[in-house]
Every structure is written in C-alpha cells, then in structure tokens.
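# got a structure for you, letters missing:
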DNA sequence: TCAAGTATGCACCTTTTGGTAAGTATCCGT
DNA sequence: ACGGATACTTACCAAAAGGTGCATACTTGA
C-alpha cells in the first residue's frame, strides 16, 4: 500500500471518512431497519434477509465500536438483547437520506447498469 | 448466498442501491476530484495519491459503465483523454454532499473509532 | 427428555478486492 | 537512438471480506 505520508490528512474528504463507517455489505440495511426503532437480534436477523449470524454480529459490533449503534443486554433469564441507533447514529442516518433518495429515484438505471456490468465481463 | 427470490425488491432501500455505485476504494476520491472539472488521466492519477494504474482505470471504467463519468478521447496525436462527470454523476455528487458534511464534522470520532478497531483486534 | 429458540463464538474455506510489476504503442525532446 | 511521457493492459499474488456449519449455554414448551 502507498505510504500514508505525513502531509496527507486522514481522509481526502468527508465522504471518504463516512464510507469507512457505512461500507460493509449489510450495514446500510441494518441502519435502515434500526432507524425504525430498537430491534432484537433475532428480529433484525429475520429483517435483513440472507445475512448469516457471523456477518450480522460482526457488522453490529463494528457499528457499535464506531458509536453508531447501541447494544442493550437486559440480563434476563431467557436471553434478551436489542440494538438501537445512538444519537450519533441517528445523525448519520439523517445525512444518508439524500443518498437514499438518489438511489430510489435512480433505481432503474442503477439496476440496469449492474446487469450490464455483470453480463459484459 | 441467499436466493434473490421473486418477492424481494432489487434493493432494500435507496441507499443500498447507491452504495453499489460509489463503493470501491477510490471512487469517492475520484468523484471528489472530477467534481472540480474534467481531468486528464495522468492528472487524476497524480491527484489520487497512491492509486495504481490498474485500480484507477478499473474504477473509472465502472463509473463510466454506470453512467457517472464520461471519458473523452480527443484522438490527438500525442495521446489525450480526459474524464468528467455526466449530469447523472453530478446529481450523485450533490446527493453525497450531506455525507461529506457529516464526515467532516465527525472526522475526529471516525478516526478515533478506526484506530480503536485497528488496535483491539 | 428432546426439539426449538435465545444470542453468540469459532474454524475453515471461497470469493472478491486490491496491489506489484511488467509490457504495449505512439510521440517528443535531446 | 534513447529516455520519458502519454494512456492503458495483462499476469500473477496477497489480503480482506464474506459464507457455512458446528458449538455453546441457558430456557421453555411438548
């Protein structure tokens, strides 16, 4: 990898920084569902169709260590844990909204481009 | 992989779609620089410090096939090509701005979290 | 007592992504 | 004639990301 030399800032631009937090195959989806309110692990797993336990846990942990989500263990006798957005996380989700909008408006073109890329390889 | 079954939409949410377009180690940076105006290949390479030719070309091609950037070959005798944002690309960059802002405002916390994750592995 | 549900952890493997280093073809200045 | 610049292309390899499946420890319901 290219040396991170002294004069270059940590990130080229804010987006660059943000992407370090939200990139990961399942993170946007997780954030999307958590935005609807605190969710139990099992419920989240059923919502984010196709995710494996390993991935769900891993991404939740990263989001937690980034201060985006909060894990609450109720210490109850039948295991009970839930996840929710921190205020920081909520601010991130708000900043993500325009991108959501852009994605919705252009879903067709994006999907088409993806197909195109897939077939022309 | 989980079957993409009939009833699920292509993308869970708009953001999900958008991320398919802008994820890639160098894409945000490329977009960031192209937002300043059309840029020649070599210039871009010097701006986006640390990219290899392979990566630059690859990501530019993907962005091009997604309709985000436009390649212009001037067909001149000493090779001359430049890249610029299409109107579609420009709309994407506008939608990215809040995320840039969020990233800038929270650069400190993001960098700190990254360090933390790196060391506690 | 046995299966199923709760929330994880761990080992192993495949796929995807990124990096290095070389080559190509054309041109210009010395 | 040679080195350097232009814009790529290719082959090969390493690292990161993601997936599968089994294990854990406790509970409730049949």
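Structure received. Just so it is clear, the model here is predicted, and its values are computed rather than measured.

# is any residue of the longest helix seen in chain A near chain B?
In chain A, assigned by DSSP state H, the helix with the most residues is helix A:87-105. Yes - interface with chain B: helix A:87-105 contributes A:88, A:91-92, A:94-105 (CB under 8 Å from any CB of the partner chain). Where C-beta positions appear, they are placed from N, C-alpha and C, glycine not excepted.

# again, but for stretch A:46-53
Yes - using CB under 8 Å from any CB, stretch A:46-53 reaches chain B at A:48-50.

# one step back: mark which of the residues of helix A:87-105 next to chain B are buried, thanks.
A:88, A:92, A:95-96, A:98-100, A:102-104 (16 or more other CB atoms under 10 Å in any protein chain shown).

# ok, of the residues of helix A:87-105 next to chain B, which one's closest to residue A:81?
Using CB to CB, residue A:88 comes nearest to residue A:81 of these, at 20.1 Å.

# out of everything not next to it in sequence, what's closest to residue A:38?
residue A:84 (3.8 Å; CB to CB, 6 or more residues apart in numbering or on different chains).

# ok now do the one you found, which residues does it touch?
A:34, A:37-39, A:69-70, A:72 (CB atoms under 8 Å, 6 or more residues apart in numbering or on different chains).

# which SS class is it?
Secondary structure, DSSP: H, G, I helix; E, B strand; the rest coil: residue A:84 is strand.

# show me what it bridges to in the sheet.
Applying DSSP bridges to residue A:84 yields these beta-bridge partners: residue A:70.

# tell me how far it lies from residue A:39.
7 Å (CB to CB, to the nearest Å).

# with residue A:15 instead?
28 Å.

# the more surrounded of the two?
In this view residue A:15 and residue A:39 are compared by other CB atoms under 10 Å in any protein chain shown, and residue A:15 has more residues nearby, 25 against 21.

# thinking again about what came up before, which of the contacts of residue A:84 fall in helices?
Per DSSP H, the contacts of residue A:84 map to helices at residue A:34.

# pLDDT of stretch A:52-69, averaged?
Averaging pLDDT along stretch A:52-69 yields 95.

# who touches that stretch?
Outside stretch A:52-69, the residues that reach it (CB under 8 Å, 6+ apart) are A:21, A:24-27, A:30-31, A:34, A:41, A:44-45, A:48, A:70-71, A:83-86, A:88-89, A:92, B:109-110, B:113, B:116-117, B:120.

# quick one, what contacts the residue minimising distance to the centre of chain A?
Chain A has residue A:27 as the residue nearest its centroid, 2.1 Å off, counting by CA atoms, centre = their mean. By CB under 8 Å, 6+ apart, the contact set of residue A:27 is A:21, A:59, A:62-63.

# which members of those residues are the farthest-apart pair?
A:21 and A:59 (11.2 Å).

# tell me if the strand or helix carrying residue A:15 is near DNA strand D.
In this assignment (DSSP states H and E), residue A:15 forms part of helix A:14-22. No - counting by CB under 7 Å from any atom of the strand, DNA strand D is not contacted by helix A:14-22; separation bottoms out at 9.2 Å.

# show the average pLDDT along that helix.
On average, helix A:14-22 scores 90.

# check whether the lowest-mean-pLDDT helix or strand in chain A contacts DNA strand D.
Using mean pLDDT, DSSP states H and E, helix A:107-119 stands out as the lowest-scoring helix or strand of chain A, at a mean of 83. No - residues of helix A:107-119 are not located near DNA strand D by CB under 7 Å from any atom of the strand, the shortest gap being 14.8 Å.

# can you name every helix or strand that that helix contacts?
helix B:14-22, helix B:53-65 (3 or more CB pairs under 8 Å, 6 or more residues apart in numbering or on different chains; DSSP states H and E).

# rebuild the ones you listed as JSON lines, extending it with distance to DNA strand C.
Shown next, in JSON lines, are the helices and strands packed on helix A:107-119 (distance: least, CB to the nearest atom of the strand, whole Å):
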{"stretch": "helix B:14-22", "distance to DNA strand C": "9"}
{"stretch": "helix B:53-65", "distance to DNA strand C": "4"}
